[in-house]
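Trainee: have a look at this prediction, sequence included:
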Amino acid sequence: MPRQSLPYEQWLDEGLRGVIRRALTYAAEHGLPGQHHFYISFATAAAGVEVPPEVRARYPSEMTIVLQHQFWDLVVEEDAFAVTLKFQGRSNRLKVPFAAVTAFGDPSVNFGLQLRTAAPQRDADVRNVPAEDEEEARPAEGSGTAAKAAAAGGKGQPAAQVIALDTFRKK
């Protein structure tokens, strides 16, 4: 009889994505208090991600957005969030399933999470919206960009405590 394991990695990912969902829900309902701002990295090719085609071409695997001063209409659903950002002077809607999020950071409080990479894209699930903007879209330098940004913190601040699930995984 094959031995089954409890799905701890899946449960951890679900729990961490729940923290992200709660932070975004708070921001959608109350705005971002004080100096709080979010860096959110996600797999651009993941199923259900809706980003401008120019952005997808420029960042084919991962990108980071910043939710700080210029974002609008943040809507958080059970499985995804949507936000309007300006790209080249035009407002565009992005939709990101939580399963596509690879990292989340709030540098104002030195907080960061790294998550497992999302499943590969399914072309039928991907929809594009037009445009691109340097102010809100940041290049990702690999998995965990948001958490790395949060860990860097501000000048003179201690490094963040970043939770990386790989620490607990079998090699």
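Mentor: Noted; the coordinates are in hand.
Trainee: who does the helix ranked longest in the chain touch, helix- and strand-wise?
Mentor: Longest helix in the chain by number of residues (criterion: DSSP state H): helix 8-30. The contact analysis (3 or more CB pairs under 8 Å, 6 or more residues apart in numbering; DSSP states H and E) places helix 8-30 against strand 38-43, strand 72-76, strand 101-106, strand 111-114. Backbone N, C-alpha and C define where each C-beta goes, glycine included.
Trainee: could you dump those strands into JSON lines with mean neighbour count added?
Mentor: Output for the helices and strands packed on helix 8-30, formatted as JSON lines (neighbours: other CB atoms under 10 Å):
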{"stretch": "strand 38-43", "mean neighbour count": "26"}
{"stretch": "strand 72-76", "mean neighbour count": "15"}
{"stretch": "strand 101-106", "mean neighbour count": "26"}
{"stretch": "strand 111-114", "mean neighbour count": "24"}
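Trainee: JSON lines please, covering these and showing distance to Arg21 and mean pLDDT.
Mentor: Listed next are these as JSON lines, based on distance: least, CB to CB, whole Å; pLDDT from 0 to 100:
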{"stretch": "strand 38-43", "distance to Arg21": "12", "mean pLDDT": "96"}
{"stretch": "strand 72-76", "distance to Arg21": "6", "mean pLDDT": "97"}
{"stretch": "strand 101-106", "distance to Arg21": "10", "mean pLDDT": "96"}
{"stretch": "strand 111-114", "distance to Arg21": "12", "mean pLDDT": "95"}
